[in-house]
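S.K.: next come a sequence and a model predicted from it.
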Amino acid sequence: MNAPPYRGRFAPSPTGPLHFGSLLAAIGSFADARAHQGGWLVRIEDLDRNRAVAGADRAILSTLEAFGLDWDETVVYQSQRRALYQAALEQLRESGLSYPCACTRREIAARGLQGPEGPIYPGTCRAGLPPNRSPRSERLRVADMELSVPDAVQGGIVQHLAREVGDLVLRRADGFYAYQLAVVVDDAEQGITQVVRGADLLASTPRQVYLQRCLGLPRPAYAHLPLVLGDDGRKLSKSLAAAPVDPSNPLPALERAWRLLGQTPLAEPPSDVETFWQQAIPSWDPSRVPSGPHRLGSRQTGAADRHAPAPQ
Ligand code: GLU
């Protein structure tokens, strides 16, 4: 059977202007898609209305354009796709895989079960709501098993969901569908075959693969790009990565991102964004991407330290 055609995506949350850390993820995912003659889609992850900033979606899109990151098809907005998430939730409910939960964050924290990803849900409402309590959120019942997911850059990740995360939230107490549910539904509905994104989401991947199995959806291939350290040795997201990129002067940031992704500098200094990509795409070599610094409580398998982190 032939493999489905490559379809990648970039899925920013519109919480502010595009910063360097996100640009790096966009560039890696775009380059990998185009080097494979694949499609590249953009999805705005604006489900959480409390975090979405008005106009940030348009600012992100125009920054992507300024950097020559031309997407295919119409940009989709998660806020317009709630019916899809609702249908997935109903499917899980009907299969007995989800249940209503009355617990507050404070109650869960008070149980003191800490995992690498935050407090572990202690299973209080698994067998039914306690007397006189009403449902706040809805959770997925996770199996007592270890899940291993291969990753093209990081080698792989192994997580024991029940022990390290606990039953996960599908619909939050504030009524919003959880990121983990929406991302899985969208990646499948958009036919995404390759997820290339920042390593901050590596630890979410076993949850997403588990949800795919519960919903009978295909699993895309995963590649998690390194989180980059700032000059002060701190994660860029805490310093430089949080700084917005300058769409009026894209070449320096493009070249910097290219180096940080372990790619060989272009033979000819590009005069503009177009000539950058003309040279860059044919030279993209995913095996050169460093696994880089990362922060993870979960175990990684065979982490590919083939290359030292790229010089700053
Ligand atoms: N919306 C997420 C973010 O901006 C990315 C989700 C993903 O790539 O799966 O961090």
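M.R.: It's in.

S.K.: before we move on, what SS does the closest residue to Arg171 other than its chain neighbours have?
M.R.: Counting by C-beta to C-beta, 6 or more residues apart in numbering, Glu138 is the residue found nearest to Arg171 once chain neighbours are left out, at 4.4 Å. Just so you know, the C-beta spots here come from the backbone N, C-alpha and C atoms, and that holds for glycine as well. Under DSSP: H, G, I helix; E, B strand; the rest coil, Glu138 falls in the strand class.

S.K.: just the one 4 residues further on next, same as before
M.R.: Of the three states, Val142 takes coil under three-state DSSP.

S.K.: make 528 the starting number, not 1.
M.R.: All set: I'll call the first residue 528, so the last point we hit is now Val669.

S.K.: count of residues packed around the residue lying closest to it once chain neighbours are set aside?
M.R.: In space, Val669 comes closest to Leu688 once its chain neighbours are excluded; the distance is 4.2 Å by C-beta to C-beta, 6+ apart. Leu688 has 22 neighbouring residues, counting by other C-beta atoms under 10 Å.

S.K.: so Leu688 sits against Val736, correct?
M.R.: No. Counting by C-beta atoms under 8 Å, Leu688 stays clear of Val736, with 9.8 Å between them.

S.K.: can you list residues touching both of those two?
M.R.: Common neighbours of Leu688 and Val736 (criterion: C-beta atoms under 8 Å, 6 or more residues apart in numbering): Leu674.

S.K.: tell me the contacts of the residue nearest to Arg698?
M.R.: 616, 620, 625-628, 696-698.

S.K.: phi, psi of the residue nearest the centre of the chain?
M.R.: Computing the C-alpha centroid of the chain and ranking residues by C-alpha atoms, centre = their mean puts Leu728 first, at 4.8 Å. The phi and psi torsions at Leu728 (degrees, to the nearest 10) take the values phi -100, psi 0.

S.K.: what's the burial count for the closest residue to it other than its chain neighbours?
M.R.: Nearest non-adjacent residue to Leu728, counting by C-beta to C-beta, 6+ apart: His751, 6.6 Å away. Residues contacting His751 under the criterion other C-beta under 10 Å number 30.

S.K.: show me where the stretch 628-777 of the chain has its helices.
M.R.: Counting by DSSP state H, counting those that start in this stretch, the stretch 628-777 of the chain has helices at residues 632-637, 688-691, 706-716, 732-742, 777-787.
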